[in-house]
Every structure is written in structure tokens, then in C-alpha cells.
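[1] need a structure here:
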Amino acid sequence: MTTTLAIKAPSWALPISLFSIPLGLAGLGGAWTAAARLLGAPPWPAEIAFGASTLVFAAFTLTYLAGTVRPGTGGFRLDLRHPLLGPLTAYLPVIAILLIAHYAPVLGGLAPWLIWTAVAGLALNAAALFAHWLKHPLDQNAMHPGYFLPVTAGAFIGAIGFVSVGEHRAAVAVFGIGIFFWLLLGAVITSRLFFGTELPLPFKPVLSILLSPPGTASVAWFAITGGAVDDLQAALGGVTLFMLLVQLFFVRDYLKLPFSTQYWVFTFPIAVLGNIGVRWAAGLRFPGWEVAGWSALTISSVLILAIIVASLRLAARKRPAAIRTSRPATAVAR
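    Modelled structure (predicted):
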């Protein structure tokens with residue numbers, strides 16, 4: 001069996017992979033929110049990051065859904081059944097949960113309803129994906145770390161959302177779901193990476209997603225326990241640290257890639273590392289813990305800002321080229 005690596009879609013259609021942009025911005029906002037509470041950092045960087053994430057997410061969602069309902073296009077339905085892109089459809093409810101959790105104090109009594117709705121949407125999305133995988137067995141080579149998003153990282157983010165509205169038991173319940181699927185899919189995905197064909201170079205950034213399950217689990221457990229560094233947190237920290245060490249051996253492959261929007265895949269794992277760096281430093285309170293917390297936050301923020309700046313430069317270079325390409329067509333039309 002062969003795996004299709006691309007979808008035939010209209011040129012105007014919004015690729016689902018671009019939702020990694022608002023996810024990365026929300027992750028950066030989460031890191032600065034932790035720093036504001038634990039390190040006394042100013043709140044405005046978090047508000048800027050979450051505000052930008054909200055605007056981009058709203059614009060992308062409207063565009064994406066417009067493509068879904070337009071006659072003759074597949075949109076969400078096509079993406080959901082695609083062997084590579086299917087798990088990425090969970091971006092929509094996952095980002096919504098992060099944004100609602102941040103703005104919960106402003107939303108007041110509406111926040112719990114919105115969190116439950118977003119988590120229900122994530123559950124339906126994950127169940128539809130899981131059922132599709134059971135009914136239509138996948139080519140092993142289609143598996144990639146992005147499959148963690150709907151049922152593992154998404155579940156841990158759901159736990160964070162429930163904590164933000166005071167739903168402790170619901171948070172623990174979805175945290176348990178995340179642990180179950182982390183163990184289940186972790187073995188399958190690792191087997192594919194060990195024994196399947198090598199990922200094509202353009203797909204190498206998805207290897208950074210291997211940091212997301214332990215990283216989001218760590219943030220979720222900090223939220224559930226109120227910042228305690230208990231035995232489970234120590235275990236999660238150990239796994240996260242090991243997966244970070246593994247990432248160091250991928251850096252050479254990452255640097256071979258020409259810059260593109262695919263680099264935004266890196267931003268959420270990087271933001272999560274900054275977030276747990278702040279939380280671990282504050283939880284342990286060792287000598288110099290504030291310096292360590294600020295260092296983790298600064299490194300993650302600088303890396304993400306570099307990707308933002310590079311993206312803006314890329315967009316600026318593409319715009320004149322697009323204008324030049326469109327001029328002959330305009331002249332013919334006239």
C-alpha cells in the first residue's frame with residue numbers, strides 16, 4: 001500500500017497545517033501567563049500572544065470553514081479522512097480550549113459552557129478519527145507524531161481547560177484519557193519511526209511533536225495539582241528531558257530545511273518547554289530558580305520570535321512575486 005502525501009485542493013483553500021500558527025502563539029501566551037504568576041513577569045506579552053492567536057485563529061477558522069461548505073470541495077471532511085492530515089483537524093477544538101481557558105476570567109459564567117463545548121468537540125473529532133482508523137486500516141508509513149494531537153496532547157490540553165473553570169474531576173478524567181492514548185499510540189508511532197521508511201525531509205519538523213505528550217502532560221498536571229512537584233510530575237519531567245535530548249540529534253536535519261510555514265510546527269513544543277521550565281523552577285525553588293525560569297522563558301520566546309520574523313519576511317518576499325504573476329492575467333482580461 002502506498003501513502004498519498006498530498007491532497008488535490010483548490011489553490012485558495014486554507015491548508016489545515018497552518019493552524020499550527022495560532023497554536024504556537026497560544027502556547028507562547030501560556031508560557032508568559034505562567035511567568036506572570038510565578039516570576040512576576042509583566043502580563044502584556046501574554047495578552048499580545050493570546051490576542052494575536054485569537055485574531056489569526058478566527059480568520060483561519062472562517063476561511064477554512066468557508067472552504068468546507070463550498071460546493072465541490074472536501075475541506076474538513078477530506079482532511080479528516082486523509083492518512084497524514086486527519087489528526088491535524090483537532091487543531092480547531094484544541095486551540096479553542098486554550099483561548100477559552102485564558103479568557104475564562106473575562107467570560108465569567110459562560111466559560112464553563114464554552115470549555116465543555118470545546119472539549120466535546122475535541123472528543124467527537126477524536127472519536128471520528130479513531131473509528132475511521134479502525135474501519136480503514138492505515139499504511140504504517142502514514143503514521144507520524146502528529147497522531148498524538150487529538151487523543152493525547154489534546155486530552156492534556158482539555159485537562160488544562162477544565163482546571164481553568166474549576167472542573168477538577170473532569171480534568172483528572174481527561175488527563176487519564178491522555179495517558180492511556182499516549183501509551184497506546186506511543187508504541188505504534190515509535191514502531192513506525194523505528195521500522196518504517198524514513199520521513200521525507202520536508203516532514204522532519206513533525207519529529208518535534210514527540211515533545212508535546214510529556215510536555216503538555218506536565219503542564220496539565222501542574223495545573224491539576226496547583227504547581228506541586230510530586231512523583232508523577234517528576235516522572236513526566238524525566239520523560240520530557242529525555243525527549244529534549246533526543247531532539248538535539250535532529251537539529252542538523254532541521255537546519256537543512258529551507259524556511260517555510262512548516263517551521264511553525266516547532267513553536268508549540270518550544271512554548272511548552274518554556275512553560276514547564278518556569279513551573280519547574282518555581283516548584284523546586286532551588287538557589288537561582290528565578291534565573292533558571294527566566295532563562296527557559298527567554299530561550300523559548302526568542303526562538304518563536306525568530307520564526308515570527310522569518311515568516312513575516314517570507315510573506316513580504318512572496319507578495320511582490322504574486323503581484324508580478326497576476327499582472328499578465330489582468331492585462332489579458334482587459
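
[2] would you state the helices of the stretch 101-250 of the chain in chain order?
    104-107, 110-135, 148, 154-164, 168-195, 212-225, 231-248 (DSSP state H, counting those that start in this stretch).

[3] could you dump those helices to TSV with mean pLDDT?
    Output for these, formatted as TSV (pLDDT from 0 to 100):
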stretch	mean pLDDT
helix 104-107	95
helix 110-135	91
helix 148	91
helix 154-164	97
helix 168-195	92
helix 212-225	96
helix 231-248	96
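
[4] which of the ones you listed sits closest to Thr267?
    Nearest to Thr267 among the helices of the stretch 101-250 of the chain is helix 212-225 (11.3 Å), distances taken as Cβ to Cβ. Backbone N, C-alpha and C define where each C-beta goes, glycine included.

[5] mind checking how far Ala223 is from Ala127?
    24 Å (Cβ to Cβ, to the nearest Å).

[6] between the two, which one's more packed in?
    Remark: of Ala223 and Ala127, Ala223 carries more neighbours, 22 against 12, as counted by other Cβ atoms under 10 Å.

[7] got the contact list for the closest residue to the more buried one other than its chain neighbours?
    Computed as Cβ to Cβ, 6 or more residues apart in numbering, the closest residue to Ala223 that is not its neighbour in sequence is Val163, at 4.2 Å. Shown in contact with Val163 (Cβ atoms under 8 Å, 6 or more residues apart in numbering): 101, 171, 220, 223-224.

[8] and the helices of the stretch 101-250 of the chain as a markdown table, adding distance to Pro15?
    Shown next, in a markdown table, are those (distance: least, Cβ to Cβ, whole Å):
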| stretch | distance to Pro15 |
| --- | --- |
| helix 104-107 | 30 |
| helix 110-135 | 18 |
| helix 148 | 20 |
| helix 154-164 | 19 |
| helix 168-195 | 22 |
| helix 212-225 | 20 |
| helix 231-248 | 25 |
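
[9] tell me which of these lies nearest to Ile16.
    Nearest of the helices of the stretch 101-250 of the chain (Cβ to Cβ): helix 110-135, 11.9 Å.

[10] against which helices or strands is the closest one packed?
    Helix 110-135 sits against helix 75-81, helix 91-102, helix 104-107, helix 154-164, with contacts defined as 3 or more Cβ pairs under 8 Å, 6 or more residues apart in numbering; DSSP states H and E.

[11] give me the buried positions along that helix.
    Using 16 or more other Cβ atoms under 10 Å as the test for burial, helix 110-135 gives 111-112, 114-116, 118-119, 121-123, 125-126, 129, 133.

[12] same thing with stretch 134-145?
    By neighbour count on 16+ other Cβ under 10 Å, the buried set for stretch 134-145 is 138, 141-145.

[13] mean confidence for the helix or strand containing Leu305?
    Using DSSP states H and E, Leu305 falls within helix 289-333. Per-residue pLDDT over helix 289-333 has a mean of 79.

[14] again with stretch 82-97
    For stretch 82-97, mean pLDDT is 89.

[15] stretch 31-38 now?
    Mean pLDDT, stretch 31-38: 97.

[16] using PDB, write out every CA atom in it.
    Provided in PDB are the C-alpha atoms of stretch 31-38 (Å, rounded to 0.1, in the frame of the first residue of the first chain):
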ATOM      1  CA  ALA A  31       4.300  30.400  28.900                       C
ATOM      2  CA  TRP A  32       4.200  34.100  29.700                       C
ATOM      3  CA  THR A  33       1.000  33.600  31.700                       C
ATOM      4  CA  ALA A  34       2.900  31.200  33.900                       C
ATOM      5  CA  ALA A  35       5.800  33.600  34.200                       C
ATOM      6  CA  ALA A  36       3.500  36.500  35.100                       C
ATOM      7  CA  ARG A  37       2.100  34.400  38.000                       C
ATOM      8  CA  LEU A  38       5.300  32.800  39.200                       C
END
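
[17] pull the residues that contact it.
    41-43, 45-46, 49, 102, 227, 271-272, 274-275, 278-279, 281-282, 293-294, 297, 300-301.

[18] which parts of that stretch are buried?
    Buried, per 16+ other Cβ under 10 Å, within stretch 31-38: 31-36, 38.
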